[in-house]
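Undergrad: When you get a sec, could you give me coordinates for this:
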Amino acid sequence: MPSPSLRSPLYSLRRSKRKGTKRGAAASNNSRVNSDGEEGAGEGNLQNNASSANNENQVSGSVAPQPVVPSAVGLVTGGASAAGHQPPYDLRRKSPHHDPAAAAVAPNYPSGCNPSGSLSSNSACAAGPSGYATCMLPARKRPRRTCYTSSENGNSVDEQRSAAHYLQYELPDEVLICIFSYLFERDLCRVSQVCKRFQSIANDTELWKTLYQRVFEYDTPLFHTGICKYEFIAIEESEYDNPWKESFKQLNHGVHVRPGFQEKALKYPSRYKGRSIAYFDTIQSALEFLDDAESPLVFVHKGSYQREYLVVENNVNILGCSSGNVAENVTIERDTESTVTFMEGARSSYLGYVTLKFSPDISSSVPHHKHYCLEIGENCSPVIDHCIIRSSSVVGAAVCVTGSGAEPIIRRCDISDCENVGLYITDHAQGLYEDNEISRNALAGIWVKNHANPVMRRNHIHHGRDVGIFTFDNGLGYFESNNIHNNRIAGFEVKAGANPTVVRCEIHHGQTGGIYVHESGQGQFIENRIHSNNFAGVWITSNSNPTIRRNEIYNGHQGGVYIFGEGRGLIEHNNIYGNALAGIQIRTNSDPIVRHNKIHHGQHGGIYVHEKGQGLIEENEVYANTLAGVWITTGSTPVLRRNRIHSGKQVGVYFYDNGHGRLEDNDIFNHLYSGVQIRTGSNPIIRRNKIWGGQNGGVLVYNGGLGLLEQNEIFDNAMAGVWIKTDSNPTLKRNKIYDGRDGGICIFNGGKGILEENDIFRNAQAGVLISTQSHPILRRNRIFDGLAAGIEITNNATATLEFNQIFNNRFGGLCLASGVTPICKGNKIFNNQDAVEKAVNGGQCLYKISSYTSFPMHDFYRCRTCNTTDRNAICVNCIKTCHAGHDVEFIRHDRFFCDCGAGTLTNQCQLQGESTQDTDTLYDSAAPVESHTVMVN
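TA: Okay, the predicted model is just below:
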């Protein structure tokens, strides 16, 4: 007699058959609900006729009933199915491959049974369901044996087997997909366990996509990638075979806020049978429902939720749920208090993909003391992700993070178009703020104050109607890789003891300045790009002391770095270029440290120190600026050490109008004008510098300039190494002045000065030229190896010469013009070449030894017969030879070259060969070009 366990399925099938039930139909839900809450298109086509027999095993509202199938699954006769499917696979075993020959011999009986219902005497070797003898199979692959009590059941069993076989292996895939489309997610998961074919079809991507979008509405699968991390991942980028199903699995435990659905579920319970999803009309009711849940998750569907009072004190995750742009379609709005408040206990809470609005009624008389769209209080650390945040309140802020232990993560949010501050962080709050869009706010984009210390990375802060980021009242913070631009005031403002760290940000196109540090502000600004601001790239004032390091500061519409009003600061390793005004400007008692910077290609000067500015300026490279490399004026006293100041289009270092300070160990070269100019009462100390390669002079002191020049090397300048003129009175000590392409030192137009212990050698003109009523003092100098005279004094000038050594100069040691009587004491003049005397004694024209670039001192004449002027001179040998018999006149003993030998007169010189044309004889060296740089306040 068969056991009850084997009879029960057949009995159930028999009862169904008597009632006319369709055979082989898979159980399904009574109905489906689409994304709009309507009934499924095929409602009623598939009836769950077996549900009444299985209600005792079903949990209402959770899963769909299972179809009734025989215990002997997949019995096949006559080989493979017509649909061409492979032999069926049971969940536990494979059926043996069909053998037609064995099928022809062995009767097609159930395993271990004959048609009469009695057990076969050779049941161990009875034929299997495909014609094989079961004794031929290993024990683990033998089909399950089933016994029946009477032969009249054979037809029912065969029919049941045939229906199951057809359903599993011959029914077209399209029909199965259509059937499966009426199933809910849990039914699909269960039916996928029947066989491999069902598993493959039940995991169809489009099937799950439709199911997923009816529940969650998202256009792209949303994955829970970590604690408080939700991310949309495109299908082609997902690592899962069925991204829709995996997303459903991860999010299935959430409840849904979808107004109207709760009422439908209660009114039409059959529509939702087989699914355990809770729906609520309000967010507040959903939060109350999940108050004690372990991992609460709330999906807020498309709509506007107004006057919800949302105070989050647990670890709930709240996500907007909609097609299209999710955040734009889900809005939470209030007109009093804060729209959403996170309080202590919300350590791992999440709010994402929604729009938050705070829109107080300005005409209402009801006061509201909290003016925030989003408020995050003490000891909580929620994640705010992909939210749009708007506030029309003219006070407060759109987002407020306040209190010790407030450590939110706010990322990829849009905080814009607010009538107040965008993001306000205060009172020791911290947090991580990344990839946010903060723009067009009426006040600052971000406020950080009162020891708040946030970390802000990759935010876009722009077009604010105030400052971009404002740190004040001891605010801190780490700001990295932010893009800050087009704000009405400074891009970044630091005030009142604030001390932020700003790294690798781009601060540009500010309508005023880039960075503004004032009122004892501090801060570290490192590796930023600061450019194209209307005013200075960096302002430092009123006892502020920031560090500006390794930044690019360029293309400002005014200056690069502007330090004023007793500002300080460390300015180092920056690249400052292309600014309309000075690269660095220091004024009004400011005293920064400026070192290791490159300051170049400015449309104005390089460094401008004025109005009692100070500062230590060392080891910078200042070059290729349109005006002076360094300006020092109006009582300023900076210290410049070990700088390279070169290739400027005017002066290298320019002291004027009582500019002072010290130049020590600098390399100053290749300027279009002088390397150093000192004028109008300026009195610097210039020590141990190299001043060379100037296309004008080396050092020019004029218009009452002073200064101490000590131990400098001044060489290879196109004109005099040092010029002293117009009542200037510098002191030169222990300098080396050599290899000039003109004279060594030229003193004229009333110039004075003390020259002591200098080495002056190998210059193309006189080692020292004193002219036009000048009266310097020369002591213990060595003047030697010159290509002209050692010392020349002319044009009513005089000098005090004491203990100098003058030797090995080409034209002579000391050459005095007519009427010059210097004061001489203890000088040694020896071993000079006296080339002028030798040329005269040899009957040569003096032009032969000088050409028109040198000016040997000797007697010169004019010829009335040849109508020469005061600007022409003729040497004594040409007078004797070329102008013999002419009416000639002795002029004076002075420095000149011979115009007769130069070919500038009517008669050709008989002592020269071909003439060399020259239009004008110069009695003095060419005057230096003075700088007329405009002082800009």
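
Undergrad: Is it correct that residue 245 falls within a strand?
TA: No - under DSSP: H, G, I helix; E, B strand; the rest coil, residue 245 falls outside any strand and is assigned helix.

Undergrad: Show the contacting residues for the residue lying closest to it once chain neighbours are set aside.
TA: Excluding its sequence neighbours, the residue lying closest to residue 245 (C-beta to C-beta, 6 or more residues apart in numbering) is residue 208, at 4.4 Å. Just so you know, the C-beta spots here come from the backbone N, C-alpha and C atoms, and that holds for glycine as well. Residue 208 sits next to 188, 242, 244, 245, 248 when contact means C-beta atoms under 8 Å, 6 or more residues apart in numbering.

Undergrad: Is it correct that the third one is in contact with residue 209?
TA: Yes - under the criterion of C-beta atoms under 8 Å, residue 244 makes contact with residue 209 at 4.6 Å.

Undergrad: Between those two, which is the more surrounded one?
TA: Shown here are residue 244 and residue 209; by other C-beta atoms under 10 Å, residue 244 has more neighbours (25 against 19).

Undergrad: Pull up the gap between the more buried one and residue 874, please.
TA: According to C-beta to C-beta, to the nearest Å, residue 244 and residue 874 sit 108 Å apart.

Undergrad: Can you pull out the low-pLDDT segments for the protein?
TA: 1-157, 160, 363-370, 851-852, 913-937 (pLDDT under 70).

Undergrad: what residue lies at the spatial centre of it?
TA: With distances taken as C-alpha atoms, centre = their mean, the residue of the chain nearest its centroid is residue 481 (3.8 Å).

Undergrad: circling back to that earlier point, then the residue nearest to residue 245 would be within a helix, right?
TA: Yes - remark: residue 208 belongs to a helix, assigned using three-state DSSP.

Undergrad: residue ranges for the helices of the stretch 251-400 of the chain, please.
TA: Along the stretch 251-400 of the chain, the stretches classed as helices by DSSP state H, counting those that start in this stretch are 261-267, 283-289, 326-329.

Undergrad: out of these, deepest packed?
TA: Per-stretch averages of neighbours, counted by mean count of other C-beta atoms under 10 Å, single out helix 326-329 among those, with a mean of 20.

Undergrad: hey, C-alpha coordinates of it in PDB?
TA: Provided in PDB are the C-alpha atoms of helix 326-329 (Å, rounded to 0.1, in the frame of the first residue of the first chain):
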ATOM      1  CA  VAL A 326      15.100  62.000  -8.500                       C
ATOM      2  CA  ALA A 327      16.000  65.000  -6.300                       C
ATOM      3  CA  GLU A 328      14.000  67.400  -8.400                       C
ATOM      4  CA  ASN A 329      10.900  65.300  -8.200                       C
END
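
Undergrad: for it, packing partners?
TA: With contacts taken as 3 or more C-beta pairs under 8 Å, 6 or more residues apart in numbering; DSSP states H and E, helix 326-329 sits against strand 317-321.

Undergrad: Can you tell me the strand partners of the strand it packs on and which way each runs?
TA: Using DSSP bridges, strand 317-321 pairs in its sheet with strand 297-301 (parallel), strand 350-352 (parallel).

Undergrad: Just tell me which of those ends up closest to residue 783.
TA: strand 350-352 (84.3 Å; C-beta to C-beta).

Undergrad: any residues touching that closest one, and which ones?
TA: With C-beta under 8 Å, 6+ apart, strand 350-352 has contacts from 228, 230, 312, 316-320, 340, 382-387.

Undergrad: Just the buried residues of that strand, please?
TA: 350, 351, 352 (16 or more other C-beta atoms under 10 Å).

Undergrad: Which of the contacts of strand 350-352 sits closest to residue 636?
TA: The closest of the contacts of strand 350-352, once distances to residue 636 are taken by C-beta to C-beta, is residue 384, at 51.1 Å.

Undergrad: Could you pull up the residues touching the closest one?
TA: Shown in contact with residue 384 (C-beta under 8 Å, 6+ apart): 351, 352, 374, 408, 409, 410, 411, 413.

Undergrad: again with residue 445
TA: Applying C-beta under 8 Å, 6+ apart to residue 445 gives the contacts 415, 421-423, 438-439, 461-462, 464, 466-469, 487.

Undergrad: Pull up the distance across stretch 266-285, start to finish.
TA: 16 Å (C-alpha to C-alpha, to the nearest Å).

Undergrad: The chain should start at 112 in everything you say after this.
TA: Done: numbering now begins at 112, and the last item shifts to stretch 377-396.

Undergrad: Using CSV, list the CA coordinates for stretch 618-628.
TA: Below are the C-alpha coordinates for stretch 618-628, written out as CSV (Å, rounded to 0.1, in the frame of the first residue of the first chain):
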residue,chain,number,x,y,z
ILE,A,618,40.3,80.8,-6.8
HIS,A,619,39.7,83.0,-9.8
HIS,A,620,37.6,85.7,-11.5
GLY,A,621,36.6,87.3,-8.3
GLN,A,622,34.9,90.7,-8.7
THR,A,623,37.3,92.0,-6.1
GLY,A,624,40.2,89.9,-4.8
GLY,A,625,41.0,86.3,-4.6
ILE,A,626,42.1,85.7,-1.0
TYR,A,627,41.5,88.4,1.7
VAL,A,628,43.2,87.9,5.1
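
Undergrad: buried ones in it?
TA: Result for stretch 618-628 [16+ other C-beta under 10 Å]: buried residues 618, 619, 620, 621, 622, 623, 624, 625, 626, 627, 628.

Undergrad: In helices, which of these fall?
TA: Within those, no residue falls in helices by DSSP state H.
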